[in-house]
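In: this is a predicted model, with the sequence first.
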Amino acid sequence: MLHTKIVDTKKEKILNSNAEKFIKDSKFGASIYFLGTVRNVNDNKTVTGITYDSHDEMVIKSFEEIYNEADQKLNIKDKAVFIEHARGHLKLGEISIIIAVACKHRDQAYVLSRYIIEEIKKRSPIWKKEHYENEDSAWLKGNPINNEKV
């Protein structure tokens, strides 16, 4: 069971309650919620916000591939996964990504959640521009897209 979405921050916010509703099922004994939020300092610079941009279709495809690969690589077949990532401007403390997973056992949930976020960071075409207190901004270095996987 999988839910994926790119959330346009001009229209809506990422909500924990949506993730909770999606993964809640009595067949699962463990649930993990990972929230990525905008922090106030990066590389010794005071951050005031972040703007995310993405190639939405490729991002969704990468989320689906990561979910499907978990069957083979992690042998976690029975699972619920909710992934939403923001596109647009976020202020300090706002949620940029939520990954909620539910599995039969806690070890599976921890492993799956960690696998998903690490693979998204490596493979999904999402870019972020940090905004600083002196009104400067900079696009952060990311990973090149591996066309074989996406």
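Out: Received, thanks. Computed from a predicted structure; not experimentally measured.

In: need the longest strand for the chain.
Out: Taking DSSP state E as the criterion, the chain has its longest strand at strand 79-91.

In: that one pairs with which strands, parallel or anti?
Out: The strands that strand 79-91 pairs with in its sheet are strand 2-8 (parallel), strand 45-54 (antiparallel), strand 95-103 (antiparallel) (by DSSP bridges).

In: and that strand, what's its mean pLDDT?
Out: The average pLDDT for strand 79-91 rounds to 97.

In: equivalent analysis for stretch 103-111, please.
Out: 95.

In: ditto for stretch 45-55
Out: In this model, stretch 45-55 has a mean pLDDT of 94.

In: now that stretch: buried residues?
Out: 47, 48, 49, 50, 51, 52, 54, 55 (16 or more other CB atoms under 10 Å). In this view, the C-beta of every residue, glycine as well, is placed from N, C-alpha and C.

In: excluding its backbone neighbours, what's nearest the second one?
Out: Of all residues beyond its chain neighbours, the one nearest residue 48 is residue 131 (5.0 Å), with distances taken as CB to CB, 6 or more residues apart in numbering.

In: list just the nearest of the buried residues of stretch 45-55 to residue 83.
Out: The closest of those to residue 83 turns out to be residue 54 (CB to CB; 12.5 Å).

In: if we ignore the residues flanking it in sequence, what's nearest the closest one?
Out: residue 126 (4.5 Å).

In: how about residue 22?
Out: That would be residue 82: by CB to CB, 6+ apart, it lies 4.5 Å from residue 22.

In: CA atoms of the longest strand of the chain as PDB?
Out: Only the C-alpha atoms of strand 79-91 are listed here, as PDB (Å, rounded to 0.1, in the frame of the first residue of the first chain):
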ATOM      1  CA  LYS A  79       3.700  -2.700   4.500                       C
ATOM      2  CA  ALA A  80       2.000   0.700   4.200                       C
ATOM      3  CA  VAL A  81       4.100   3.700   3.100                       C
ATOM      4  CA  PHE A  82       3.000   7.300   2.900                       C
ATOM      5  CA  ILE A  83       5.500   9.800   1.300                       C
ATOM      6  CA  GLU A  84       4.900  13.500   0.600                       C
ATOM      7  CA  HIS A  85       7.500  16.100  -0.300                       C
ATOM      8  CA  ALA A  86       7.000  19.900  -0.400                       C
ATOM      9  CA  ARG A  87       7.600  22.000  -3.500                       C
ATOM     10  CA  GLY A  88       7.800  25.700  -2.900                       C
ATOM     11  CA  HIS A  89       8.900  28.000  -0.100                       C
ATOM     12  CA  LEU A  90       9.000  26.800   3.500                       C
ATOM     13  CA  LYS A  91       9.800  28.700   6.700                       C
END
